[in-house]
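A.B. asks: Any chance you could fold what I've pasted below:
(one chain, ligands or ions: 1)
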Amino acid sequence: MNIYLYHNTKAEKCNKRLTLIWIGYIIKSRTLRRFEAFLWIDRFREFPEAGTEYINMYQDKKVVFSGVQPSGVLTIGNYLGAIRNFPKFSEEYRCYYCIADEHAITVRQNPADLRRRTYETLALYIACGLDPRKNVIYVQSHVPAHAELAWILDCYTMFGELSRMTQFKDKSKKNAENVNAGLFTYPSLMAADILLYQTELVPVGDDQKQHLEITRDIAVRFNGIYGDVFVVPEPFISRTPSARIMSLADPKRKMSKSDENENATVRILDPRDVIIRKFKRAVTDSDTLVRAGEGKDGIINLMSIYSALTDKSFPEIEREFDGKGYGDFKLAVGEACADALAPVQEEYTRLIADKKYLEDVMAAGAAAAAKDARKTLSKVRRKIGFTDQPRY
Ligand code: TYM
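C.D. replies: Numbering: from 1, shown residues only. Modelled structure (predicted):
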């Protein structure tokens, strides 16, 4: 922080000579870290809104990391299962939230759509309450250390354990014409994301549990060979049913942003009338009672969504709709959902129009993340026997 103040006040006034002495000092000292800090702090000077607080806020805090793929317009599954929880950690932890564009290309993406969705996902992160001054928010591919560590971890990840990943099996079936190596090694990239920042907690939906388990196995294996290099992370999965929101068209399947059936998903950005219509069409059963029970997956899913949105328990919901039919219940869920998303949508509309601001956030986030990631990556390189990287 001192350097920052120095740079903002004195450095602006100083004459050419002082600047030369300052540059000479940096070169002479050859302390790369100090030079990096200088560059990093200088960036924040350009767009202080996006990151000044990183510098003095987070020392000694435990780390939270999570990410979302920009592979579709985000759904209420992403929102209720993960993103809504992200801001809760901002005060107590040093938080990194990435937009996982490198993961997204394991399935073929239209380039223009991918680029647009990356901005959209960033705007949605902020609209859902993530403050870029309190969280490191960035795009995965802007920090090359992710791909570098992923390759290294590939060499410490077993073919057998990757073959057991249910997401790989599901996605291979769905994309039979493109079962690429990246889809297979997806979990080691995810492990790299998490382990690069010495993460303690990873807030995710229930579907990511297996990926967290393999991340822990890789970390333990690596530490077993080289000593304590990585913190072994814990998943943070909500205990409420919102950890797994199911498709409205097929309540036995997870709601997924890449689902081609538009009636299966409710998108965070869907207009109010669309949200209500989708809930009205949600697949349920031939019974009429709003209650959780055998064979009532559709109703249980709607109750989970309603419970997550209103904080009401299942017995409370059952009492509220006692004597009423599915029609009333579906309308109530739709309205609760539209009400909850309205402020997010309003903020999103404001943010997405300000591309310059979003790019400033991306730049500040990438600078902060890259600096921290480099520390772990250098340690890993040394441990496995790579020589020091020459400066060029
Ligand atoms: P992704 O993009 O599929 O989903 C983002 C987050 O949303 C959660 N989620 C759900 N939660 C409840 N119900 C649902 N129907 C539902 N659908 C999605 C996911 O669990 C996730 O938390 N591999 C990750 C992205 C990622 C990542 C990471 C996450 C990349 N690197 C490192 C954590 C840490 C993924 O595909 O999420």
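A.B. asks: Look up the closest residue to the residue of the stretch 51-200 of the chain found nearest the ligand, ignoring the ones flanking it.
C.D. replies: Distance from the ligand to each residue of the stretch 51-200 of the chain (CB to the nearest ligand atom) is smallest for G81, at 2.0 Å. The way it works is simple: take the backbone N, C-alpha and C, and place the C-beta from them, glycine included. Closest residue in space to G81, ignoring its immediate chain neighbours: G205 at 3.2 Å, by CB to CB, 6 or more residues apart in numbering.
A.B. asks: Low-confidence bits of the stretch 1-150 of the chain, can you list those?
C.D. replies: Counting by pLDDT under 70, the stretch 1-150 of the chain shows low-confidence ranges at 1-59.
A.B. asks: go with 50
C.D. replies: Applying pLDDT under 50 to the stretch 1-150 of the chain flags residues 1-14, 25-58.
A.B. asks: just how off-centre is stretch 196-215 within its chain?
C.D. replies: On the basis of CA atoms, centre = their mean, to the nearest Å, stretch 196-215 sits 11 Å off its chain's mean C-alpha point.
A.B. asks: ditto for stretch 377-389
C.D. replies: Offset of stretch 377-389 from its chain centre (CA atoms, centre = their mean): 28 Å.
A.B. asks: try stretch 96-110
C.D. replies: 10 Å.
A.B. asks: can you pull the buried residues of it?
C.D. replies: Neighbour counts over stretch 96-110 (16 or more other CB atoms under 10 Å) mark 96-107, 109 as buried.
A.B. asks: correct me, but I300 touches A292?
C.D. replies: Yes: proximity of I300 to A292 meets the contact threshold set by CB atoms under 8 Å, at 5.0 Å.
A.B. asks: Those two: which has the busier surroundings?
C.D. replies: Neighbour tally, I300 and A292, criterion other CB atoms under 10 Å: the higher count belongs to I300, 19 against 15.
A.B. asks: gap between that one and L351?
C.D. replies: As judged by CB to CB, to the nearest Å, I300 and L351 stand 35 Å apart.
A.B. asks: Tell me which residues touch whichever residue of the stretch 151-300 of the chain sits closest to the ligand, please.
C.D. replies: Nearest residue of the stretch 151-300 of the chain to the ligand, counting by CB to the nearest ligand atom: G205, 2.3 Å away. The neighbours of G205, taking CB atoms under 8 Å, 6 or more residues apart in numbering as the test, are 77-78, 81-82, 237, 243-245.
A.B. asks: Against the ligand, how distant is A370?
C.D. replies: According to CB to the nearest ligand atom, to the nearest Å, A370 stands 16 Å off from the ligand.
A.B. asks: I figured that residue was touching V143, is that so?
C.D. replies: Yes: if you go by CB under 8 Å, A370 and V143 touch, sitting 4.8 Å apart.
A.B. asks: For burial, what's the neighbour tally of P343?
C.D. replies: Considering only other CB under 10 Å, P343 is surrounded by 12 other residues.
A.B. asks: what's the spacing between it and the ligand?
C.D. replies: P343 sits at a distance of 20 Å from the ligand (criterion: CB to the nearest ligand atom).
A.B. asks: Okay, and that residue sits in which element?
C.D. replies: helix 326-352 (DSSP states H and E).
A.B. asks: Which SSE is immediately downstream of that helix?
C.D. replies: Remark: after helix 326-352, the chain's next helix or strand is helix 355-384, criterion DSSP H and E.
A.B. asks: Between helix 326-352 and that next one, find me the angle.
C.D. replies: In terms of direction (axes from the mean of the first three to the mean of the last three CA atoms, to 10 degrees), helix 355-384 departs from helix 326-352 by 90 degrees.
A.B. asks: Figure out how far helix 355-384 is from the centre of its chain.
C.D. replies: Going by CA atoms, centre = their mean, where helix 355-384 is centred and where its chain is centred differ by 15 Å.
A.B. asks: Mind listing what's buried along it?
C.D. replies: Under the neighbour-count criterion of 16+ other CB under 10 Å, helix 355-384 has 357-358, 360-374, 376-377, 380-381 buried.
A.B. asks: is stretch 181-198 anywhere near the ligand?
C.D. replies: Yes: Stretch 181-198 is in contact with the ligand by CB under 6 Å from any ligand atom, via 190, 193-194.
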